[in-house]
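Peer 1: build me a model from this:
(4 chains)
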2 protein chains.
Amino acid sequence: MAEKVTIATVARHARVSRQTVSNVINAPHIVRPETRQRVQEAIVTLGYRANQAARQMRTGRSRLIAVRIEPTRDGINGSVLDRFLHGLTETAESAGYRVMLYTATDDDREISAYGDLLSAYDLDGFVITGTDHGDPRTAWLAEREIPFVTFGRPWDHPQAHSWVDVDGAAGTREATAHLLAAGHLRIGFIGWPAGSGVGDDRRAGWHRALLGAGVDPDGLDAETEDGIAEGARTAREMLGRPAPPTALVCASDSLALGALQALRAAGTTMPVIGFDDTPVAAAVGLSSISQPLGDAAARCVDLLTDLLDGPHRDPRQVLLRPALVLRHLA
Amino acid sequence: MAEKVTIATVARHARVSRQTVSNVINAPHIVRPETRQRVQEAIVTLGYRANQAARQMRTGRSRLIAVRIEPTRDGINGSVLDRFLHGLTETAESAGYRVMLYTATDDDREISAYGDLLSAYDLDGFVITGTDHGDPRTAWLAEREIPFVTFGRPWDHPQAHSWVDVDGAAGTREATAHLLAAGHLRIGFIGWPAGSGVGDDRRAGWHRALLGAGVDPDGLDAETEDGIAEGARTAREMLGRPAPPTALVCASDSLALGALQALRAAGTTMPVIGFDDTPVAAAVGLSSISQPLGDAAARCVDLLTDLLDGPHRDPRQVLLRPALVLRHLA
DNA sequence: GGGCAGGATTGGATCGTTCAAGTTGCTGGA
DNA sequence: TCCAGCAACTTGAACGATCCAATCCTGCCC
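Peer 2: A predicted model of the protein is given here:
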């Protein structure tokens, strides 16, 4: 292994002091151009790279962003966060940050992980996913003035902090509008039990679209936990109603896929539109509402670096529009 | 924010020196029990956590493991590495290591990322995925004696370094044996073009199983790039052969899914078995060969910590058996 | 009571970087 | 000629941990 190249090595090689090298790196404008170039050549020649640990000890900044990685669950919905993570890593890298992962099984444990990450690794900031009403994690971070951005709105206080989210209601509204335009009136919705921010939002889009078209949503709504089996069960239940729907919008691809299987088993076909545009939807030809995850990740990094690099900026919010992806099943 | 708790704070609080606190943490056995306890109480009371950056600067070790995260591709096969990553993060955490992500679009760029990660963050080790014949990455790392473990065999030199892999041949052999036991003889295989370690291995299992049962594999094999469309096209082609197969084993779930769709479109049904047991397979009821990814990740961490903590150990290898997951389609 | 061995504890140096406070050399105005 | 003012660069100290070498106890033996 080649021996260590430190700032002192570069300094000797360029016949300047350590500090001048440091200035070339961190404040190039205060160094005379010819000196600057000599130092930069030395840096390239020697292959010098700043040691983050040493820099971090002095500045207290680590250029590290922490992101939680969820325990493998469903596999269908999990892929959404995975795709988000991919985008996040890429964008963070080009902004000069790296991503560190952590796990936590619940909010309390996640909060205690924050303390660990902050004091041991001096993390610069967090990207928090899957926020819900009265999230204790964001409260903890905000209280300590630790920079963070959420992917998901703070449902209670819209302006509380910086966040990026996808307008789920706009997605379900567009899906519903598409089905209305295709001549359907009794468009059903299979969503999650009321109370979750994301779930209520997605239901609201469908609800408003129907009302806007003069259709009474009553009797066209169903609530269930997420899952393929749950989707199938709920679809069967809806088929047995007095006036069953002639098309379906679902709050997730799992639900949509279950519904699709139940319909096929019952010998019925009707358009079904899922949510999240997971690989599963693409594979089976299910239409779905696609979240711009790469974009969302990039904006998260933007907002976070804003908080980190800039002086105390006001929190900013970004709401992205999802896109309806039509496939042969609808 | 509470003010910083350093080793000196703890030392003052416990009325001992910094070194004694350090000893309590790093070499508890050389400290008198009562002193040790007093220090430990101070650590808990003050909520002290060792600053990694400072420790790292002195010891040169960061307790950080780097893992590459692939650009989002297919979405089906990508999920395999994602699940692996989840397991890796969890196991690493309980072994006292954290996972740092990096991206790279090709091997050369990946190698230059190594240099960056090593000199800037003092990474302790790497987990490399998707090795192939004559992998330049492992050569680069080995040359510099940087600890690493691969998930995937070094196909050229089986004992070259520590690795964990899943016995793909055993998987396809089991799948083929299952179909043979169900009475099938002309069992086809859709795999990738010869030349890739993983692909050839999976084909070999099917091949050996057929030979073992006295079936001539000739005319039952097909090669194609990975993908749903490719799988469909290849299955159609095989149906047109003089003696088409009556069952299929595929090198991936993408291929299997494509084959399944082509067969359904052609009005035929036959058992199809995929590989990797992705969420898509589970969702559509496709039988598939499941890799024990959580287990593989855990073993990777084991081997890597062995290399890091122990004195120069010999490389170790772990070959795990996959499991055939039968679903209603086969 | 003094000397000694052995382990527990202490203080100082160090890792590589940046911050703060110098020093040098040049320009220009009185 | 003198010195203020500035730009360009240098030097010493600090971040928080660990390593090393020196010192302090303690108990034990003669």
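Peer 1: for chain A, which segments are assigned as strands?
Peer 2: A:64-68, A:98-102, A:125-129, A:148-151, A:163-166, A:187-191, A:221-223, A:247-250, A:272-275, A:287-290, A:317-320, A:323-325 (DSSP state E).
Peer 1: and A:Pro271, how many neighbours?
Peer 2: If you count neighbours by other C-beta atoms under 10 Å in any protein chain shown, A:Pro271 ends up with 19. Glycine gets a C-beta too; all of them are placed from N, C-alpha and C.
Peer 1: I figured it hits A:Leu248, correct?
Peer 2: Yes - under the contact definition of C-beta atoms under 8 Å, A:Pro271 touches A:Leu248, with a separation of 7.2 Å.
Peer 1: A:Gly60 contacts A:Asp122, doesn't it?
Peer 2: Yes - in terms of C-beta under 8 Å, A:Gly60 counts as a neighbour of A:Asp122; the distance is 6.1 Å.
Peer 1: sorry, back to before: can I get the strands of chain A in JSON lines including distance to A:Val24, mean pLDDT and mean neighbour count?
Peer 2: Below are these laid out as JSON lines (distance: least, C-beta to C-beta, whole Å; pLDDT from 0 to 100; neighbours: other C-beta atoms under 10 Å in any protein chain shown):
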{"stretch": "strand A:64-68", "distance to A:Val24": "24", "mean pLDDT": "94", "mean neighbour count": "23"}
{"stretch": "strand A:98-102", "distance to A:Val24": "23", "mean pLDDT": "94", "mean neighbour count": "22"}
{"stretch": "strand A:125-129", "distance to A:Val24": "27", "mean pLDDT": "94", "mean neighbour count": "22"}
{"stretch": "strand A:148-151", "distance to A:Val24": "32", "mean pLDDT": "95", "mean neighbour count": "25"}
{"stretch": "strand A:163-166", "distance to A:Val24": "35", "mean pLDDT": "96", "mean neighbour count": "25"}
{"stretch": "strand A:187-191", "distance to A:Val24": "57", "mean pLDDT": "97", "mean neighbour count": "27"}
{"stretch": "strand A:221-223", "distance to A:Val24": "61", "mean pLDDT": "97", "mean neighbour count": "18"}
{"stretch": "strand A:247-250", "distance to A:Val24": "57", "mean pLDDT": "97", "mean neighbour count": "30"}
{"stretch": "strand A:272-275", "distance to A:Val24": "51", "mean pLDDT": "96", "mean neighbour count": "31"}
{"stretch": "strand A:287-290", "distance to A:Val24": "45", "mean pLDDT": "96", "mean neighbour count": "26"}
{"stretch": "strand A:317-320", "distance to A:Val24": "35", "mean pLDDT": "96", "mean neighbour count": "16"}
{"stretch": "strand A:323-325", "distance to A:Val24": "45", "mean pLDDT": "97", "mean neighbour count": "17"}
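Peer 1: who's the most centrally placed residue in chain A bridged to?
Peer 2: Among the residues of chain A, the one closest to the centroid is A:Phe151, at 4.4 Å (C-alpha atoms, centre = their mean). A:Phe151 has these beta-bridge partners by DSSP bridges: A:Thr129, A:Val164.
Peer 1: show me how far stretch A:280-287 is from its chain's centre.
Peer 2: 21 Å (C-alpha atoms, centre = their mean, to the nearest Å).
Peer 1: what does it rub up against?
Peer 2: With contact meaning C-beta atoms under 8 Å, 6 or more residues apart in numbering or on different chains, stretch A:280-287 is reached by A:76, A:175, A:253, A:256-257, A:260, A:271-274, A:288, A:324-330, B:75-76, B:228, B:254, B:257, B:279-280, B:283-284.
Peer 1: do stretch A:136-156 as well
Peer 2: Under C-beta under 8 Å, 6+ apart, the answer for stretch A:136-156 is A:84, A:107-108, A:110-111, A:114, A:118, A:124-135, A:160-165, A:197-198, A:296-297, A:300, A:303-304, A:307-308, A:317, B:1.
Peer 1: buried subset of the residues you listed as a ChimeraX selection?
Peer 2: Buried residues within the contacts of stretch A:136-156, by 16 or more other C-beta atoms under 10 Å in any protein chain shown, are selected in ChimeraX with:
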select /A:84,110,114,118,124,125,126,127,128,129,130,131,132,135,160,161,162,163,164,165,197,198,296,297,300,303,304,307,308,317
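Peer 1: of the contacts of stretch A:136-156, which belong to helices?
Peer 2: In helices, defined here by DSSP state H, the members of the contacts of stretch A:136-156 are A:84, A:107-108, A:110-111, A:114, A:118, A:197-198, A:296-297, A:300, A:303-304, A:307-308.
Peer 1: where does the nearest residue to A:Arg236 once chain neighbours are set aside land on pLDDT?
Peer 2: Distance criterion C-beta to C-beta, 6 or more residues apart in numbering or on different chains; nearest residue to A:Arg236, sequence neighbours excluded, is A:Ala262 at 5.0 Å. A:Ala262 carries a pLDDT value of 95.
Peer 1: ok, now A:Ser196?
Peer 2: 89.
Peer 1: ok, it to DNA strand D distance?
Peer 2: From A:Ser196 across to DNA strand D, the span is 40 Å (C-beta to the nearest atom of the strand, to the nearest Å).
Peer 1: OK, contacts around the residue nearest to that residue when sequence neighbours are not counted?
Peer 2: Distances taken as C-beta to C-beta, 6+ apart place A:Asp132 nearest to A:Ser196, at 6.1 Å, with adjacent residues excluded. A:Asp132 makes contacts with A:152, A:155, A:196-198, as judged by C-beta under 8 Å, 6+ apart.
Peer 1: quick check on A:Asp132: phi, psi?
Peer 2: phi -140, psi 180 (degrees, to the nearest 10).
Peer 1: same check on A:His157?
Peer 2: phi -130, psi 90.
Peer 1: what is the neighbour count of it?
Peer 2: 10.
Peer 1: residue numbers of the stretch 151-300 of chain A in contact with chain B?
Peer 2: Where the stretch 151-300 of chain A comes near chain B, counting by C-beta under 8 Å from any C-beta of the partner chain, the residues are A:228, A:254, A:257, A:278-280, A:282-284, A:294.
Peer 1: would you list the residues you listed in TSV and tack on distance to DNA strand D?
Peer 2: Shown next, in TSV, are those (distance: C-beta to the nearest atom of the strand, whole Å):
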residue	distance to DNA strand D
A:Ile228	49
A:Ser254	46
A:Leu257	51
A:Thr278	44
A:Pro279	44
A:Val280	47
A:Ala282	49
A:Ala283	50
A:Val284	53
A:Gly294	37
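Peer 1: one step back: neighbour count for A:Gly60 and A:Asp122, which is higher?
Peer 2: Between A:Gly60 and A:Asp122, A:Asp122 has the larger neighbour count (other C-beta under 10 Å), namely 21 against 11.
Peer 1: confidence score at the residue lying closest to that one once chain neighbours are set aside?
Peer 2: With sequence-adjacent residues excluded and distances taken as C-beta to C-beta, 6+ apart, A:Asp122 is closest to A:Ser62, at 4.4 Å. In this model, A:Ser62 is scored at 91, pLDDT.
Peer 1: just A:Phe84 next, same as before
Peer 2: Reading off the model, A:Phe84 has pLDDT 91.
Peer 1: now do it against chain B, distance only.
Peer 2: 10 Å (C-beta to the nearest C-beta, to the nearest Å).
Peer 1: ok, that residue - contacts?
Peer 2: Taking C-beta under 8 Å, 6+ apart as the test, what A:Phe84 contacts is A:129, A:151, A:293, A:296-297.
Peer 1: could you measure from A:Val5 over to chain B?
Peer 2: A:Val5 is 8 Å from chain B, by C-beta to the nearest C-beta.
Peer 1: from what I can see that residue touches A:Tyr48, true?
Peer 2: Yes - if you go by C-beta under 8 Å, A:Val5 and A:Tyr48 touch, sitting 4.6 Å apart.
Peer 1: look up the closest residue to the closest residue to DNA strand D within the stretch 101-250 of chain A, ignoring the ones flanking it.
Peer 2: The minimum distance from the stretch 101-250 of chain A to DNA strand D, using C-beta to the nearest atom of the strand, falls at A:Ser119 (8.0 Å). Nearest residue to A:Ser119, sequence neighbours excluded (C-beta to C-beta, 6+ apart): B:Arg49, at 4.0 Å.
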